[in-house]
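1. need a structure here:
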Amino acid sequence: MIYRSKAPLRIGLAGGGTDVSPYSDEFGGAILNATVSLYAYATIEPLSENGIILQAADRKEEQRFEWSNELPIDGTLDLAKGVYNRLQKDHGLPLTNFRLTTFVDAPAGSGLGTSSTLVVAILGAFAEMLKLPLGDYDIAHYAYEIERKDLALAGGRQDQYAATFGGVNYMEFFADDKVIVNPLRIRQEYLDELENNLVLYFTSTSRESSQIIKEQQKNVLQKNEKSIEAMHQLKEQSKMMKEALLKGRLHEIGEILDYGFQQKRRMAANISNDKMDEIYEAAKKAGATGGKISGAGGGGFMIFYCPNNTRYQVIETLNRFGGEIKQYQFTKHGLRSWEG
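-> Alright, predicted model coming up:
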């Protein structure tokens, strides 16, 4: 028997960064995001030979181990090892030899929540194999704890919940790891128009988000008023975006994105850079009314809102910068797992 899972990556539309502690603990955070048809996949195959094989097919990485209660965290395939170690600790996995193979449709550090989504997918495959009675909130919180606490990786909380729940969600974040996921019932024609007008562009660079996030956290701890006020405004932006989508005021989306782009650059250094500013301004001159850097910033994906029929002119302009336009559709489903 083979056990498989897939979980969708996400586009953050508003409120990015307010899901990161200590801001969310002290002030409460709010984010609006939507999952798209780019996925993280995990497959577990039981083996007759002795041992554990971990493979990241997209990164061409592989490690082999004797069966053990704990795998070494050494900088290679640590997300998979982190899931295995935590499940072994909490549930005592059976003496099963297996191969775990993963694949992600976007590179690590691209700003679509790849790492967290991969953790969710791996958890889903193990939960399917072990028949663990875990609900959506359980899996998302489990993934968060593995990444942020067990592996001590800096980051927020939206990605784990987006990957698990799927769809368009307005998420609220509070102290004591409390998260409320509010699925939005947006009319299909509004979603179709948003999908048509929102261009997803990969700058062909990836970045290490943890340093940007650590600076953001430090700014909150040191009571940096400029940074904290920017986060307050981004939280307000998520409410503006929610209202615009629910009421079909799509002509406001670009301006709301642009407002968030300006605020986010005040949160921490290196969220943007000269090259990304140049791309952003060129897209606006070509007809985009706003956009944002996806994820923590510093590189990766950018999105642009291109109303009316401007997407083609914007795409032509973006192609001059050597990146890649990524085709996608919004998805309604989150984590799925099954037996193959």
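
2. Would you mind measuring from the residue most central in space within the chain to N224?
-> Geometric centre of the chain, nearest residue: G113, 2.0 Å, by C-alpha atoms, centre = their mean. Distance, G113 to N224, by C-beta to C-beta, to the nearest Å: 26 Å. From N, CA and C alone the C-beta is placed, and that goes for glycine too.

3. ok so, going back, surely the residue nearest to the centre of the chain touches A162?
-> Yes: taking contacts as C-beta atoms under 8 Å, G113 lies within contact range of A162: 6.3 Å.

4. Which stretches in this protein count as helices?
-> 23-27, 78-91, 114-130, 136-144, 158-165, 188-197, 209-221, 225-247, 253-264, 274-285, 311-319 (DSSP state H).

5. For G12, which of the ones you listed is the nearest?
-> helix 158-165 (6.8 Å; C-beta to C-beta).

6. Could you list the residues in contact with that closest one?
-> Outside of helix 158-165, the residues within contact range by C-beta atoms under 8 Å, 6 or more residues apart in numbering are 7-10, 12, 16, 19, 31, 33, 35, 40, 113, 115-117, 119-121, 136-137, 139-141, 143-144, 147, 169, 171, 173, 179, 181, 183, 334-335.

7. That one: how far from the chain's middle?
-> 7 Å (C-alpha atoms, centre = their mean, to the nearest Å).

8. what about D74, neighbour count?
-> Using other C-beta atoms under 10 Å, D74 has 9 other residues around it.

9. What pLDDT is listed against it?
-> As predicted, D74 sits at a pLDDT of 95.

10. Check A154 too.
-> pLDDT for A154: 86.

11. swap in A296?
-> 51.

12. Determine which stretch of the helices of the chain is the most buried.
-> The highest mean neighbour count among the helices of the chain, using mean count of other C-beta atoms under 10 Å, belongs to helix 158-165: a mean of 30.

13. Grab the CA positions of that one and hand them over as PDB.
-> Taking Å, rounded to 0.1, in the frame of the first residue of the first chain, the C-alpha atoms of helix 158-165 are listed here in PDB:
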ATOM      1  CA  GLN A 158      -0.800  31.600   8.100                       C
ATOM      2  CA  ASP A 159       0.900  29.100   5.800                       C
ATOM      3  CA  GLN A 160       0.100  25.900   7.800                       C
ATOM      4  CA  TYR A 161      -3.600  26.900   8.100                       C
ATOM      5  CA  ALA A 162      -3.900  27.900   4.500                       C
ATOM      6  CA  ALA A 163      -2.400  24.600   3.300                       C
ATOM      7  CA  THR A 164      -4.700  22.600   5.600                       C
ATOM      8  CA  PHE A 165      -8.000  24.400   5.100                       C
END
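
14. what angle do that helix and helix 136-144 make?
-> Put simply, helix 158-165 runs at 140 degrees to helix 136-144, going by axes from the mean of the first three to the mean of the last three C-alpha atoms, to 10 degrees.

15. Quick one: mean pLDDT for helix 158-165?
-> Per-residue pLDDT over helix 158-165 has a mean of 97.

16. Quick one: work out the angle between that helix and helix 114-130.
-> Using the same axes, to 10 degrees: helix 158-165 against helix 114-130 is 40 degrees.

17. Which neighbours do G113 and A162 have in common?
-> R10.

18. The closest residue to G113 other than its chain neighbours and H333, how far apart?
-> The shortest distance from G113 to any non-neighbouring residue, by C-beta to C-beta, 6 or more residues apart in numbering, is to D159 (3.3 Å). According to C-beta to C-beta, D159 and H333 sit 16 Å apart.

19. what does Q222 give?
-> As judged by C-beta to C-beta, Q222 and H333 stand 41 Å apart.

20. who's in contact with Y201?
-> Counted by C-beta under 8 Å, 6+ apart, Y201 has contacts 279, 283, 301-304, 318, 323-326.

21. Now restrict those residues to buried residues only.
-> Neighbour-count burial (16 or more other C-beta atoms under 10 Å) applied to the contacts of Y201 gives 279, 283, 301-304, 318, 323, 326.

22. So which of the residues you listed is the closest to M240?
-> Closest approach to M240 among the buried ones among the contacts of Y201 (C-beta to C-beta): I303, at 16.4 Å.

23. helices or strands up against the strand ranked longest in the chain?
-> Determined from DSSP state E, the single longest strand within the chain is strand 29-46. Contacting strand 29-46 under the criterion 3 or more C-beta pairs under 8 Å, 6 or more residues apart in numbering; DSSP states H and E are the following elements: strand 3-14, strand 98-104, helix 114-130, helix 158-165, strand 168-173, helix 225-247.

24. So which bits of it are buried?
-> Within strand 29-46, the residues that count as buried by 16+ other C-beta under 10 Å are 29-36, 38-44.

25. in this structure, which ranges drop under the pLDDT threshold?
-> For the chain, residues meeting the criterion pLDDT under 70 lie at 205-213, 215, 267-272, 295-299.

26. which residues touch Q88?
-> 69-70.

27. for S5, that is, sorry about that
-> Per C-beta under 8 Å, 6+ apart, neighbours of S5: 41-43, 121-122, 124-125, 128, 335-338.

28. 10 Å instead?
-> S5 makes contact with 39-44, 102, 120-129, 335-338 under the criterion C-beta atoms under 10 Å, 6 or more residues apart in numbering.
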